[in-house]
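Asks: Sequence below, structure please.
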Amino acid sequence: MGADARDYDPDNPFAKILRGEARSHIVHEDDHCMAFMDLMPQTPGHTLIIPRTPAAEIFELPAGDLAQVMMLTQRIAKAVRQVFDPPGLMIVQLNGALAGQTVFHLHFHVIPRFKGLDMKLHARVVEHADVLDGHAERLREAMMQIP
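Replies: Numbers count the residues shown, from 1 in each chain. Alright, predicted model coming up:
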């Protein structure tokens, strides 16, 4: 059984990132949401998008907040495509532990896919901070060109 509104943990890792209590490699932030590099990327450029509104799963987020997150997800996907030039791109959102959700704060994954480059298993290998900082910087630069 997945988390529900009663199960939202305000000390989950993404809530800590939103409060500035945990280090992150921020690509974009605004009044509604934030995008940052996944610490354990499945491929180079793997980026996460989260709402500022506390919600463990997609079912709990008000429609207006979800619209803001989806618009940012699209912009991030465009930036990832521009910067990393992948032949494919996955956008993934998981609800509940049985679906593979490990952080119970709603989030979307933008994952570039490359031929001949298998995806790494998620949540196993932390990428070097300097690599993530470099990816975040390149994506921030690309975001300035995307409406």
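Asks: Would you map the helices across this structure?
Replies: 13-18, 63-84, 129-143 (DSSP state H).
Asks: which residues does the residue nearest the centre of the chain contact?
Replies: In the chain, the residue lying closest to the centroid (CA atoms, centre = their mean) is Leu48, at 0.7 Å. Going by CB atoms under 8 Å, 6 or more residues apart in numbering, Leu48 touches Phe14, Ala35, Phe36, Met37, Asp38, His107, Phe108, His109, Val110. Every C-beta, even on glycine, is put in place using the N, C-alpha and C of the backbone.
Asks: between those, which has the most around it?
Replies: Counting neighbours by other CB atoms under 10 Å, the top entry in the contacts of Leu48 is Ala35, with 29 neighbours.
Asks: what does the model give that one for pLDDT?
Replies: What the model reports for Ala35 is a pLDDT of 98.
Asks: Could you pull out the strands in this protein for me?
Replies: Secondary structure of the chain (DSSP state E): strands located at 26-29, 33-37, 47-51, 88-92, 108-113.
Asks: for Pro54, what are its contacts?
Replies: Pro54 neighbours (CB under 8 Å, 6+ apart): Tyr8, Pro10, Ala15, His105.
Asks: quick one: the third one and Ile50, what's the gap?
Replies: It refers to Ala15. Here Ala15 is placed at a distance of 9 Å from Ile50 (CB to CB, to the nearest Å).
Asks: Looking at those two, which is more packed in?
Replies: For Ala15 and Ile50, the more surrounded residue by other CB under 10 Å is Ile50, and the numbers stand at 22 against 19.
Asks: and the nearest residue to Gln101 once chain neighbours are set aside, how many residues sit next to it?
Replies: The shortest distance from Gln101 to any non-neighbouring residue, by CB to CB, 6 or more residues apart in numbering, is to Leu94 (4.1 Å). Applying other CB under 10 Å, we find 19 residues neighbouring Leu94.
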